[in-house]
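Chemist: Quick check, what structure comes out for this input:
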Amino acid sequence: MKKLKMLISFLLFLLLTSIQVKAACSPKAQDIPVYKQGAHLGTRTTEPSVTASLEQNQLTVNVGCYMGIVKVYVYGGNGSLMTSSSAAIEGNGLCSLDLSAFENGSYNVTIELGDMIYWGIFDI
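Modeler: Numbering: from 1, shown residues only. Below is the predicted model of the structure:
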């Protein structure tokens, strides 16, 4: 009985260490710094929050505190439009783009929220 307990404990130990190794090896999302272009010219209201991340060739733009259409554009290194997407957001929402067909290089993301423009640069 004691040997059985030790065997089960050893197998559980192996299982947990293999899970931790897999978790450590999985790629994490790359946060993309996003900057607001220009100053806020309207009345004092809550500014929308905009974040962008890249994970496994999937660009995700997260928008909070905003109601309206979000437009996301990705431009190549030479300034040409590579892809775009838009989504209607009420409060909080996401807009995702699949970049799996893109070659390695630097890209520019532009996010339009009405008359507010945010931008960031990322590498694949």
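Chemist: Pick out the residue nearest the middle of this structure.
Modeler: Ser53 (2.2 Å; Cα atoms, centre = their mean).
Chemist: can you give me the helices in the protein?
Modeler: With DSSP state H as the criterion, the chain has helices at 2-25.
Chemist: Measure how buried the closest residue to Lys28 other than its chain neighbours is and give me the count.
Modeler: Once flanking residues are discounted, Lys28 sits nearest to Glu55: 7.4 Å by Cβ to Cβ, 6 or more residues apart in numbering. C-beta here means a position set from N, CA and C on the backbone, and glycine is covered the same way. Applying other Cβ atoms under 10 Å, we find 13 residues neighbouring Glu55.
Chemist: Quickly list what Glu55 is bridged to.
Modeler: Gln58 (DSSP bridges).
Chemist: do Gly93 as well
Modeler: Here Gly93, judged by DSSP bridges, has bridge partners Val63.
Chemist: Just to check, it is in contact with Val61?
Modeler: No - in this structure, Gly93 is not within contact of Val61 by Cβ atoms under 8 Å, at 9.2 Å.
Chemist: Who has more neighbours out of the two?
Modeler: Val61 (25 against 15).
Chemist: What separation do you get for the more buried one and Lys3?
Modeler: 56 Å (Cβ to Cβ, to the nearest Å).
Chemist: Next one: Thr60 from Gly120, what distance?
Modeler: 12 Å.
Chemist: hmm, back to that, contacting residues for the residue nearest to the centre of the chain?
Modeler: 29-32, 59-60, 62 (Cβ atoms under 8 Å, 6 or more residues apart in numbering).
Chemist: still on that earlier bit, overlap of the contact sets of Thr60 and Gly120?
Modeler: Residues touching both Thr60 and Gly120 comprise Ala52, with contact defined as Cβ under 8 Å, 6+ apart.
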